[in-house]
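> Just to be clear, the model below is a prediction. Sequence and coordinates:
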Amino acid sequence: LMQLFMPLNFLGFAYREIKQGLVDMERMFDLIDTPPEVRDAAQAVPLQVTDGAVAFRDVDFAYDPRRPVLCGVSFEVPAGRKMAIVGPSGAGKSTITRLLYRFYDIGSGRVEIDGQDIATVTQDSLRRAIGIVPQDTVLFNDSIGYNIRYGRPEASDAEVEAAARAAQIHDFVAGLPDGYDTLVGERGLKLSGGEKQRVAIARALLKDPPVMVFDEATSALDSETEKQIQSSLDRVAARRTTLVIAHRLSTVVDADEILVLIDGRIAERGRHADLLSQGGAYAALWARQQRDPAAEETAAPGQEAS
Ligand code: ATP
């Protein structure tokens, strides 16, 4: 019986290992639910990044043709500026970032980086130009050093450490018994949400892309962690074009433009002070947060936030 059982047991083990690997890969791309088929155009050329300006021009998009998700979305983020997207759950905020990364092709309109239609450039060059700090960073079952270096595999140890310092995770790592060699992930040290997000910020700093997308965590962070993340992010965002899916008003106050997305349409847009004086959905949201600082979701009143 043992002879029969052992190989099966081994197979089970191998299966779990393989499955874990696949899960890691899937979760790395947690901006997408199902990896779609997007191909390079026959004449695709590398994206020529001059300064990293982003534009959406009258973009319509639907995952399912019967159900529009984005309707006539237009905005420009000039090089080095910060745009925040707020709105209720399901409004299409993450979809905008997925389209910028060209996980899907759009129905009509244009998405541009530095004036080039992203559908006409190689996906590889496009994705090299964009850094993403997802809401929930997935760590590989490897050392924390490896996980940070993933942002730019050829980076030196000194560069990894400099990025970790800038992301304010170095002191934490240096304090671990095995330092940068400490194993993390499912089978190693479990990091908190704030620590994982700082690993993601360090990765993004190493990658050093001209365009940054930051999907702010919805989960509550303690105020000290939040401050640290905010200051690390400010470093990542400095001199870079930044799109933030914002869940905290503290993040949007200094944005160059705020888009209030409701049901796939831009309902309001402007700077924080302008939107407040308009007295619309954004102003109501702000008032609600002032009354109840724990209500950190930037959902429109009466709507459930994720
Ligand atoms: P949240 O704040 O909850 O993350 P969101 O504003 O980012 O929401 P999106 O994730 O962009 O919203 O989703 C917009 C709409 O598109 C939702 O109705 C959602 O159900 C739908 N959707 C998202 N991903 C897919 C997908 N892969 N296939 C089909 N529909 C999808």
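Sure, I can see it.

> drop to CA atoms for contacts and neighbour counts, all remaining ones
Fine.

> Tell me how far the nearest residue to His170 once chain neighbours are set aside lies from Lys190.
Closest residue in space to His170, ignoring its immediate chain neighbours: Ala164 at 4.8 Å, by C-alpha to C-alpha, 6 or more residues apart in numbering. Ala164 sits 18 Å away from Lys190, taking C-alpha to C-alpha, to the nearest Å as the criterion.

> With neighbour numbers in mind, choose between the two.
Legend: neighbour count by other C-alpha atoms under 10 Å for Ala164 and Lys190, higher for Ala164 (27 against 13).

> Give the other helices and strands that the helix or strand containing Glu112 contacts.
Glu112 belongs to strand 108-113 when elements are defined using DSSP states H and E. In terms of contact count using 3 or more C-alpha pairs under 8 Å, 6 or more residues apart in numbering; DSSP states H and E, strand 108-113 is assigned the packing partners strand 54-61.

> tell me the average confidence for the strand it packs on?
When pLDDT is averaged along strand 54-61, the result is 98.

> hmm, back to that, what strands flank the helix or strand following the strand holding Glu112, and is each parallel or antiparallel?
Scanning forward in sequence from strand 108-113, with DSSP H and E defining helices and strands, the next element found is strand 116-117. Under the criterion DSSP bridges, strand 116-117 sits next to strand 108-113 (antiparallel) in its sheet.

> Report the rounded mean pLDDT for the strand it pairs with.
The predicted model assigns strand 108-113 a mean pLDDT of 97.

> And it, what's buried?
109-113 (16 or more other C-alpha atoms under 10 Å).

> again with stretch 51-64
For stretch 51-64, burial by neighbour count (16+ other C-alpha under 10 Å) applies to 51-56, 58-62.

> Could I get the contacting residues of the residue in the stretch 101-250 of the chain that the ligand sits nearest to?
When distances are taken as C-alpha to the nearest ligand atom, the stretch 101-250 of the chain reaches nearest to the ligand at Ile245, 7.8 Å away. Counting by C-alpha atoms under 8 Å, 6 or more residues apart in numbering, Ile245 makes contact with 84-86, 93-94, 213-216.

> and the ligand, which of those residues contact it?
Restricting these to those touching the ligand (C-alpha under 6 Å from any ligand atom) yields 93-94.
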